[in-house]
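> My questions are about this predicted structure, shown below with the sequence.
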Amino acid sequence: AMERRFGGVWMVAVFDIDFDAAYTIVRRSPSYMLFGVNDRAILIAREGNGRKKNKNNPLL
């Protein structure tokens, strides 16, 4: 569903430490959501290079 609505390839990951998720995602994705649940970070992110311009579909 995410691929059809927002384009690209999406991933879901669970991290034990919030910092690990935040550091990982800002370097590799133009669009992401990060949730904190029960001392874990749940990351939903579009795969891709976050540094390319004009390739993003904003999450509105």
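That came in fine, so what should we check first?
> can we go C-alpha only for contacts and neighbour counts from here?
Noted.
> State the next helix or strand along the chain beyond the lowest-mean-pLDDT helix or strand in the chain.
Least confident helix or strand of the chain, by mean pLDDT, DSSP states H and E, is helix 18-28 with a mean of 66. Toward the C-terminus, helix 18-28 is succeeded by strand 32-37 as the next helix or strand (DSSP states H and E).
> packing partners for that next one?
Using 3 or more Cα pairs under 8 Å, 6 or more residues apart in numbering; DSSP states H and E as the contact criterion, the neighbours of strand 32-37 among helices and strands are helix 18-28, strand 40-46.
> what comes into contact with the last one?
Pointing back at strand 40-46 there. 8-18, 21, 25, 29-36 (Cα atoms under 8 Å, 6 or more residues apart in numbering).
> so how far is Glu3 from the residue found closest to Ile42 once you drop the neighbours it is linked to in the chain?
The spatial neighbour of Ile42 that comes closest, neighbours along the chain excluded (Cα to Cα, 6 or more residues apart in numbering), is Val14 at 4.6 Å. Relative to Glu3, Val14 is positioned 20 Å away (Cα to Cα, to the nearest Å).
> Those two: who's more crowded?
Val14 (16 against 10; other Cα atoms under 10 Å).
> which of the residues in the one helix or strand the more buried one maps to are buried?
When elements are assigned from DSSP H and E, Val14 belongs to strand 10-15. Neighbour counts using 16 or more other Cα atoms under 10 Å place Trp10, Val14 of strand 10-15 among the buried residues.
> That strand pairs with which strands?
For strand 10-15, the paired strands and their directions (DSSP bridges) are strand 40-46 (antiparallel).
> pull the CA atoms of the partner strand into PDB?
Coordinates of each C-alpha in strand 40-46 appear next as PDB, following Å, rounded to 0.1, in the frame of the first residue of the first chain:
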ATOM      1  CA  ARG A  40      11.800   0.600  21.100                       C
ATOM      2  CA  ALA A  41      11.900   2.600  18.000                       C
ATOM      3  CA  ILE A  42       9.700   1.500  15.000                       C
ATOM      4  CA  LEU A  43      10.900   3.000  11.800                       C
ATOM      5  CA  ILE A  44       8.900   3.100   8.500                       C
ATOM      6  CA  ALA A  45      11.100   4.500   5.700                       C
ATOM      7  CA  ARG A  46      11.300   4.900   2.000                       C
END
